[in-house]
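Visitor: Dropping a prediction and its sequence here:
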Amino acid sequence: MATPVPDSSKLASDIVGAVHVDRLSRLSQDDFAILKQRIKDKGLRLVVADLPTTHTVSEGMTGDILRVINHMLIDLLATMAKLDNDKRRERIKQGLANSGYKPTGKKPNTTKHNRIRELDSQNNMTKEEIAKAVGVGVATVYRVLKQG
């Protein structure tokens, strides 16, 4: 007696993997909905390493039930992780505001900026050569020279 072969139209052969559900929660709700729809449209299966029910592939009624449960769990866990992440960000903002901390940004390296101007004034090097000689990016050379 031959073993029945599963209907390949019902089982996704390609998967999208995620290590943790919270990786998906970094998307906005709209972007997460778009991602889920694209996964569905392409016939892919979302497998999350820390959600064991997504690892199994079943067919028939059991497979349908598992798919519904997995979608519900992924939505629930992603929403909970999103709320937790948003709450954490808000607490960090409040803590920084209460401490009086104000980021000042990176200070310009005046030594390198002066060297860029010096090398450019000699008119014998390209912007790329100046960047390499000073140890900065080409965009920095252009920005420094534009500033004067």
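Guide: Structure's in. What do you need?
Visitor: In the protein, what residue spans correspond to strands?
Guide: Assigned by DSSP state E, the strands in the chain fall at 15-18, 45-48.
Visitor: what's the most buried one of the ones you listed?
Guide: Per-stretch averages of neighbours, counted by mean count of other CB atoms under 10 Å, single out strand 45-48 among the strands of the chain, with a mean of 20. (C-beta placed from N, C-alpha, C; glycine too.)
Visitor: What strands line up against that one, and which way round?
Guide: strand 15-18 (parallel) (DSSP bridges).
Visitor: Which of the strands of the chain sits closest to residue 92?
Guide: For the strands of the chain, distance to residue 92 was read as CB to CB. The smallest value, 24.6 Å, belongs to strand 15-18.
Visitor: quick one: average pLDDT of the closest one?
Guide: Strand 15-18 shows an average pLDDT of 84 in the prediction.
Visitor: likewise stretch 26-33?
Guide: Stretch 26-33 carries an average pLDDT of 80.
Visitor: what comes into contact with that stretch?
Guide: 24, 25, 35, 78, 82, 85 (CB atoms under 8 Å, 6 or more residues apart in numbering).
Visitor: so which two of the residues you listed are the farthest from each other?
Guide: 35 and 85 (16.6 Å).
Visitor: Out of the contacts of stretch 26-33, which is nearest to residue 101?
Guide: Nearest to residue 101 out of those is residue 85 (CB to CB; 21.1 Å).
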